[in-house]
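Participant: Next come a sequence and a model predicted from it.
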Amino acid sequence: MDHSKHKGIVVFSGGSAANSLVDVFGAVRENRRCPLSYVIPISDNGGSSSELIRVFGGPGRLVRLIPDANDDADDSEKAAIKVFFNHRLPKDRHEAKKEWLQIVEANHPLWTNISSAKKELIRSFLNMINFEIMKRLRPSSTFNFSSASIGNLFLTGARLFSGSFESAIYLLSSICRVPDHTSVIPAINTNFTHHISASLADGTTITGQNSISHPSPPQPTRTSSLLEVPSTTTSSSYPSTVPTPDPYKEIHRHTAAPAPTTTHDDTDTIEDANPPGTHPTLRQQNISFSKTLSPSDDLPARISRIWYINPYGAEIRLSANPRVLSALNAADAVIYSIGSLYTSLIPSLILKGVGEALANPRIRWKILILNALNDRETGPSWDAYTAVDFVAAIAKAAAESRGVLKGEVPRSEYKTYVTHMIHLTGPGTPRVDKEVLSELGIECVRVYGRKLEGEEFVRYDEKALVQALEVLMGRGKDGRTVQRSRRNTSEG
């Protein structure tokens, strides 16, 4: 079917959390018969991705859009390929490498039910990344396969072969037969990962997505930078934080002054994809981290701003991938998905061009799906984010993208970037002040969630979320108008 005449949906993906909603967005797309685009950030430097970035210098991320198997003749191959690319190697470093060798040598059960032609095509790129890993092997730098994603390793091999991350995504989509009406677009058109920093309300600066988002054990490094960033840490829990009273002032001072003499530290003896003098935090592996928070893991203050940095820590302003802007210009619905607000959503929204596109009134629905819980980025419990705070953060990022931000965004402009909100009610969910949001011109829809056994919090029910999205956009299967049901209730 030709979808070119139908207005599309653009989803700003919230990282791994948004993977659970892929079927939801797919169902809404199918009912509306329109194109669907996922915009993914490339600033992730945690988990197994951090090792690919450290050694190869580029993004490697698998978006789980591989369609489920149907009743086709090759049903078993579809299922096998989905399992294959979503497979992660063991956490134990030695067991991980052992299993990796079984995969590249085609001796692993994961290859069962994958045809010979596809198997050899996939193996060629896995063997390429394996060759590149061996070629870069040094006493000071060895690749750690712990918890590595096969999909990410494939994407990196394809990127190194083609010289293009988008080409690598296209190849993976072709092998997995992701429908052409669904596209995955990197937020920035680049072969390299761009890192982010965050400033907190108390003047602290945190460098790197993983350090912002997840508590991790202190990793001692002697900070040494071309920018002479002070090495004093504010807390043993934040090995990558340094006090900067005014991040704007610090950035201008560093970029205007001649680069001082570099003092090499231990990180400069490591042979990896990072140039000498790179901020030490960006050279850490960050493979292991905890997503379970305790009060000691709280950030000392709220995040006030996110920006991109070069390898040495200086701020840079980047333009959005032209394909992202094209998708936004052809869309009438934008969805801000669940996930980490400041490290999954905001990095895509602050890019030049995105804010202007979002402000276009031709986009009728700008829907925020509110997180089920506040995390490290939107806590702590004594100052947890409300629904209005989430909207304010999105509006601020979009305004900064447009270059019009001077202080805080007026509340009257929030509806320029967020018109609707879907939320849950239950233990730990962010507080939703429906009267305030209504005064701001933002309609709210509450959906009923579900609890998994052993969990204290509620999750979104997929059927309820599909219905809520269709209610807001007023269109279901065959273009019929969708009525509100008992599964969701309007609060707007």
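Facilitator: Cool, the structure landed.
Participant: Sheet-wise, list the partners of whichever strand or helix holds I422 with their directions.
Facilitator: Per DSSP states H and E: I422 is located in strand 420-423. Applying DSSP bridges, strand 420-423 is found paired with strand 365-369 (parallel), strand 443-447 (parallel).
Participant: what are the C-alpha coordinates of it, in CSV please?
Facilitator: Listed next in CSV are the C-alpha coordinates belonging to strand 420-423 (Å, rounded to 0.1, in the frame of the first residue of the first chain):
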residue,chain,number,x,y,z
HIS,A,420,-2.1,15.8,25.0
MET,A,421,-0.9,13.6,27.8
ILE,A,422,-1.6,9.9,28.6
HIS,A,423,-0.9,8.8,32.1
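Participant: Please identify the buried residues of it?
Facilitator: 420-423 (16 or more other Cβ atoms under 10 Å). C-betas here are computed from N, CA, C, even on glycine.
Participant: Please pull out the lowest mean pLDDT helix or strand from this protein.
Facilitator: Sorting the helices and strands of the chain by mean pLDDT, DSSP states H and E puts helix 247-256 at the bottom, at a mean of 35.
Participant: Against which helices or strands is the very next helix or strand once past that one packed?
Facilitator: Counting by DSSP H and E, the element after helix 247-256 in chain order, helix or strand, is strand 303-309. Applying 3 or more Cβ pairs under 8 Å, 6 or more residues apart in numbering; DSSP states H and E, one finds that strand 303-309 contacts strand 195-200, strand 315-316, helix 346-349.
Participant: where does the stretch 101-250 of the chain dip in pLDDT?
Facilitator: 140, 214-250 (pLDDT under 70).
Participant: Show me where it has its helices.
Facilitator: 116-135, 150-162, 165-176, 209-213, 247-256 (DSSP state H, counting those that start in this stretch).
Participant: Quick one: closest of those helices to A96.
Facilitator: Minimum separation from A96 across those (Cβ to Cβ) falls at helix 150-162, 11.2 Å.
Participant: Okay, domains of this structure per the record?
Facilitator: Domain ranges of the chain: 44-186, 195-315, 318-490, per automatic domain parsing.
Participant: Tell me the backbone dihedrals of D332, please.
Facilitator: D332 has phi and psi values of phi -120, psi 0 when expressed as degrees, to the nearest 10.
Participant: Let me see the contact set for the nearest residue to N329 once chain neighbours are set aside.
Facilitator: Nearest non-adjacent residue to N329, counting by Cβ to Cβ, 6 or more residues apart in numbering: A357, 6.2 Å away. By Cβ atoms under 8 Å, 6 or more residues apart in numbering, the contact set of A357 is 325, 328-329, 363.
Participant: thought A198 was touching I212?
Facilitator: Yes. In this structure, A198 is within contact of I212 by Cβ atoms under 8 Å, at 4.8 Å.
Participant: Identify the contacts common to the two.
Facilitator: Residues touching both A198 and I212 by Cβ under 8 Å, 6+ apart: 206, 303, 342.
Participant: With distance to S149 as added columns, please give those residues in CSV.
Facilitator: What follows is the shared contacts of A198 and I212, written out as CSV (distance: Cβ to Cβ, whole Å):
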residue, distance to S149
I206, 25
I303, 28
Y342, 23
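Participant: Could you identify which of those residues has the most neighbours?
Facilitator: Counting neighbours by other Cβ atoms under 10 Å, I206 comes out on top of the shared contacts of A198 and I212 with 24 neighbours.
Participant: so that one makes contact with S197?
Facilitator: Yes. In terms of Cβ under 8 Å, I206 counts as a neighbour of S197; the distance is 6.6 Å.
Participant: Can I take it that V39 is in a helix?
Facilitator: No. Going by DSSP: H, G, I helix; E, B strand; the rest coil, the assignment for V39 is strand, not a helix.
Participant: Quick one: neighbours of it, just the number.
Facilitator: When neighbours are counted by other Cβ under 10 Å, V39 registers 26.
Participant: got a pLDDT number for it?
Facilitator: Here, the pLDDT recorded for V39 equals 91.
Participant: how close does it sit to H420?
Facilitator: 19 Å (Cβ to Cβ, to the nearest Å).
Participant: circling back: highest mean neighbour count across the strands paired with strand 420-423, which stretch is it?
Facilitator: Highest mean neighbour count of these: strand 365-369, a mean of 23 (counted as mean count of other Cβ atoms under 10 Å).
Participant: name the helices or strands packed onto whichever helix or strand comes after that one?
Facilitator: Going down the chain from strand 365-369, the next helix or strand is helix 387-402, by DSSP H and E. Under the contact criterion of 3+ Cβ pairs under 8 Å, 6+ apart, helix 387-402 touches helix 346-349, helix 354-358, strand 365-369, strand 420-423, helix 434-439.
Participant: want to throw these into TSV with distance to V28?
Facilitator: Output for those, formatted as TSV (distance: least, Cβ to Cβ, whole Å):
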stretch	distance to V28
helix 346-349	20
helix 354-358	19
strand 365-369	10
strand 420-423	12
helix 434-439	22
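Participant: do you know which of these lies nearest P380?
Facilitator: Of those, the one closest to P380 (Cβ to Cβ) turns out to be helix 346-349, at 18.8 Å.
Participant: Neighbours of the closest residue to I150 other than its chain neighbours, how many?
Facilitator: In this structure, I150 finds its nearest non-sequential neighbour in H87, 4.8 Å apart by Cβ to Cβ, 6+ apart. Residues within reach of H87, counting by other Cβ under 10 Å, total 15.
Participant: I'd say H87 and L110 touch.
Facilitator: Yes. In this structure, H87 is within contact of L110 by Cβ under 8 Å, at 6.0 Å.
Participant: I'm done for today, thanks for sticking with me.
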